[in-house]
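> no FASTA, just this:
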């Protein structure tokens, strides 16, 4: 099961330039209630920034792309 702590460890260990795809349903599991809640999206952005990642909301594919800088 993906938790915030597990996601953080994945992101920190990713090589530079690697992309982690976080689908909207998975995002809702980790940051409830999910994409529809600005506070949940903000928590995702804070976590990504702490892991030196950029966040792109890929609406067409229903996912967030977290790219390691």
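Yes, it's here. Bear in mind that the values here come from a model prediction, so they are computed numbers and not experimental data.

> can you show me the strands along this protein?
For the chain, the strands defined by DSSP state E occupy 19-23, 53-58, 63-68.

> of all those strands, which one comes closest to residue 1?
Smallest distance to residue 1 across the strands of the chain (CB to CB): 14.1 Å, for strand 19-23. Placement of C-beta: from N, CA and C, glycine included.

> pLDDT on that closest one, on average?
Mean per-residue pLDDT for strand 19-23: 98.

> would you turn the strands of the chain into JSON lines with distance to residue 45 and mean neighbour count?
Shown next, in JSON lines, are those (distance: least, CB to CB, whole Å; neighbours: other CB atoms under 10 Å):
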{"stretch": "strand 19-23", "distance to residue 45": "12", "mean neighbour count": "16"}
{"stretch": "strand 53-58", "distance to residue 45": "6", "mean neighbour count": "15"}
{"stretch": "strand 63-68", "distance to residue 45": "9", "mean neighbour count": "19"}
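
> how about these in JSON lines, adding distance to residue 7?
Below are these laid out as JSON lines (distance: least, CB to CB, whole Å):
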{"stretch": "strand 19-23", "distance to residue 7": "8"}
{"stretch": "strand 53-58", "distance to residue 7": "10"}
{"stretch": "strand 63-68", "distance to residue 7": "9"}
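
> need the contact list for residue 22.
Shown in contact with residue 22 (CB atoms under 8 Å, 6 or more residues apart in numbering): 7, 30, 44, 63-66.

> and the two most separated of those?
30 and 65 (15.1 Å).

> so for residue 38, which of the strands of the chain sits nearest?
Residue 38 sits nearest to strand 53-58 of all the strands of the chain, at 12.1 Å, using CB to CB.

> tell me what that closest one is packed against?
helix 38-50, strand 63-68 (3 or more CB pairs under 8 Å, 6 or more residues apart in numbering; DSSP states H and E).

> what mean pLDDT does that strand have?
Taken as a whole, strand 53-58 carries a mean pLDDT of 98.

> what's it in contact with?
If you take CB under 8 Å, 6+ apart as the criterion, strand 53-58 is touched by 11, 14, 20, 35, 44-45, 48, 64-69.
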